[in-house]
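Undergrad: Need a 3D model of the following:
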Amino acid sequence: MRDNQGKDLVGAGLTAAIGAGIITSYAVSQGQHPLVATGITIFSALLAVIIYQADLI
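TA: Model (predicted):
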């Protein structure tokens, strides 16, 4: 396994949020409610950070 000391959680969260934000912005343009899209983005970013911290990826 990799060494956990060099992990950048902020970077992982921002990367996940940007990726999820691109997809949810498309969903908003197709009619999804913006608060639902924001919730999906936040959930995706938190889940990515947890997975990254658990060293699953």
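Undergrad: Now do the helices in the chain.
TA: Taking DSSP state H to define them, one finds helices in the chain at 9-29, 34-53.
Undergrad: From residue 40, how far off is residue 33?
TA: Residue 33 is 10 Å from residue 40, where distance means C-beta to C-beta, to the nearest Å. Quick note: C-beta positions are derived from backbone N, CA and C, even for glycine.
Undergrad: now the helices of the chain in a markdown table, with mean pLDDT and mean neighbour count?
TA: Output for these, formatted as a markdown table (pLDDT from 0 to 100; neighbours: other C-beta atoms under 10 Å):
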| stretch | mean pLDDT | mean neighbour count |
| --- | --- | --- |
| helix 9-29 | 83 | 14 |
| helix 34-53 | 86 | 15 |
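Undergrad: Enumerate every residue touching the spatially closest residue to residue 28 that is not a sequence neighbour.
TA: Of all residues not flanking residue 28 in the chain, residue 37 sits nearest, at 4.9 Å (C-beta to C-beta, 6 or more residues apart in numbering). Counting by C-beta atoms under 8 Å, 6 or more residues apart in numbering, residue 37 makes contact with 24, 25, 27, 28.
Undergrad: Alpha carbons of stretch 17-24, as CSV, please.
TA: Taking C-alpha atoms only, stretch 17-24 is exported to CSV below (Å, rounded to 0.1, in the frame of the first residue of the first chain):
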residue,chain,number,x,y,z
ALA,A,17,-15.9,18.7,-6.6
ILE,A,18,-14.8,20.1,-9.9
GLY,A,19,-15.5,16.8,-11.6
ALA,A,20,-18.9,16.4,-10.0
GLY,A,21,-19.7,20.1,-10.6
ILE,A,22,-19.2,19.7,-14.3
ILE,A,23,-21.7,16.8,-14.4
THR,A,24,-24.2,18.5,-12.1
